[in-house]
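S.K.: Sequence and predicted model, in that order:
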Amino acid sequence: MASSRLDHLIQFYHLLDNLEERLSGARKLRDCTGAMDWPKRGIYFFRQADEQRSNTLTSSPSSGSRSRVIRVGTHAVSQNSRSTLWGRLSNHRGPASTGGGNHRGSVFRKLVGEALMQRDKHICPTWNAGKTATKTIRKAEQPIERAVSAVLGEMELLWLAIDDPPSRHSLRGVIERNSIALLSNYEKPPLDPPSPQWLGHFSLKSKVRQSGLWNQRHVEEKYDPSFLDALEELIGRL
């Protein structure tokens with residue numbers, strides 16, 4: 001009998017449990033610094049403690065995390081890109097010294113900020129205005145940026161080193177897009193759906209709301225389950 005999406009999701013979360021064990025635990029984003037031993041390139045998975053899985057828990061509550069993945073990402077998937085894993089994560093976290101950040105350097109921050117403003121009835125007319133901003137505009141946006149940092153800082157992070165050359169065909173890109181496509185509930189019967197309290201319900205982006213992920217790209221795609229074999233092999237090398 002062919003495996004179902006539920007079977008593949010159960011396998012995916014089992015692999016992440018193995019990854020977490022080999023990393024000696026997940027880290028909250030707020031606790032991460034550039035002084036830690038990050039691989040140059042890799043893929044990352046964010047979980048949220050109060051976003052619990054409901055369909056893929058097949059073992060005892062003490063066996064692995066019960067939290068669902070709410071964002072998958074990578075970096076350096078365009079040729080000659082010099083971005084690093086920590087560089088991407090630090091863009092999401094924002095500088096610890098200010099507690100703020102720059103949503104123009106992180107789509108993740110931008111999406112979360114939009115949802116926060118929608119939920120809390122805040123208005124920031126410059127939030128989606130342009131790829132750059134003056135110092136005055138950035139200063140006015142900092143209350144929202146700090147609120148975004150507070151939300152992201154509480155999220156748990158797992159990461160996996162994949163140091164292949166920057167390319168749209170990189171293994172990092174393959175695992176990222178297939179993980180997103182597998183996790184996404186976009187136009188599918190929902191599995192491990194978000195809780196009623198999930199901030200993403202307030203997103204202005206229908207793909208975020210319908211997928212249950214803080215992702216927009218790849219949520220509508222089909223996944224190739226063979227990526228799970230590649231993921232298992234990579235984790236086994238740690």
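M.R.: Okay, I see it.
S.K.: Which strand in the chain has the most residues?
M.R.: In the chain, assigned by DSSP state E, the strand with the most residues is strand 42-52.
S.K.: The stretch of helix or strand L160 belongs to packs against which elements?
M.R.: Here L160 sits within strand 156-161, counting by DSSP states H and E. Counting contacts by 3 or more Cβ pairs under 8 Å, 6 or more residues apart in numbering; DSSP states H and E, strand 156-161 is packed against helix 5-22, strand 27-28, strand 42-52, helix 85-93, helix 227-236. Where you see a C-beta, it was placed from the backbone N, CA and C, and this is true even at glycine.
S.K.: Any chance you could list what contacts it?
M.R.: By Cβ atoms under 8 Å, 6 or more residues apart in numbering, the residues outside strand 156-161 that reach it are 16, 19-20, 23, 26-29, 32, 38-49, 65, 67, 85, 89, 175, 231, 234-235, 238.
S.K.: And for stretch 74-84?
M.R.: By Cβ under 8 Å, 6+ apart, the residues outside stretch 74-84 that reach it are 38, 40-44, 85, 87-88, 162, 166-168, 170, 172-173, 175-176.
S.K.: can you map out the helices along this structure?
M.R.: According to DSSP state H, the chain carries its helices in the segments 5-22, 85-93, 107-120, 135-153, 171-183, 206-211, 227-236.
S.K.: Identify whichever of these lies nearest to T126.
M.R.: Minimum separation from T126 across these (Cβ to Cβ) falls at helix 135-153, 5.0 Å.
S.K.: where in the chain is pLDDT low?
M.R.: 1-2, 59-63, 79-80 (pLDDT under 70).
S.K.: measure the residue positioned nearest the centre of the chain to R237 for me?
M.R.: Note on the chain: the residue nearest the mean C-alpha position is R71, at 2.4 Å, using Cα atoms, centre = their mean. Separation of R71 from R237 (Cβ to Cβ, to the nearest Å) stands at 24 Å.
S.K.: Over to G99?
M.R.: For G99, the distance to R237 - Cβ to Cβ - is 37 Å.
S.K.: Could you give the number of residues near R66?
M.R.: 16 (other Cβ atoms under 10 Å).
S.K.: before we move on, back to that, could you say what helices and strands the longest strand of the chain packs with?
M.R.: Packed against strand 42-52 by the contact rule (3+ Cβ pairs under 8 Å, 6+ apart) you find strand 67-73, helix 85-93, strand 156-161, helix 171-183.
S.K.: Just tell me which of the ones you listed ends up closest to S203.
M.R.: Counting by Cβ to Cβ, S203 lies closest to strand 67-73 out of those; the figure is 11.7 Å.
S.K.: mind exporting the closest one as PDB, just the C-alpha atoms?
M.R.: Extracted in PDB, the C-alpha atoms of strand 67-73 (Å, rounded to 0.1, in the frame of the first residue of the first chain):
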ATOM      1  CA  SER A  67       5.200  21.100  18.600                       C
ATOM      2  CA  ARG A  68       4.500  21.500  14.900                       C
ATOM      3  CA  VAL A  69       6.900  23.200  12.400                       C
ATOM      4  CA  ILE A  70       5.600  26.600  11.500                       C
ATOM      5  CA  ARG A  71       8.400  27.800   9.100                       C
ATOM      6  CA  VAL A  72      11.100  26.200   7.000                       C
ATOM      7  CA  GLY A  73      13.800  28.200   5.400                       C
END
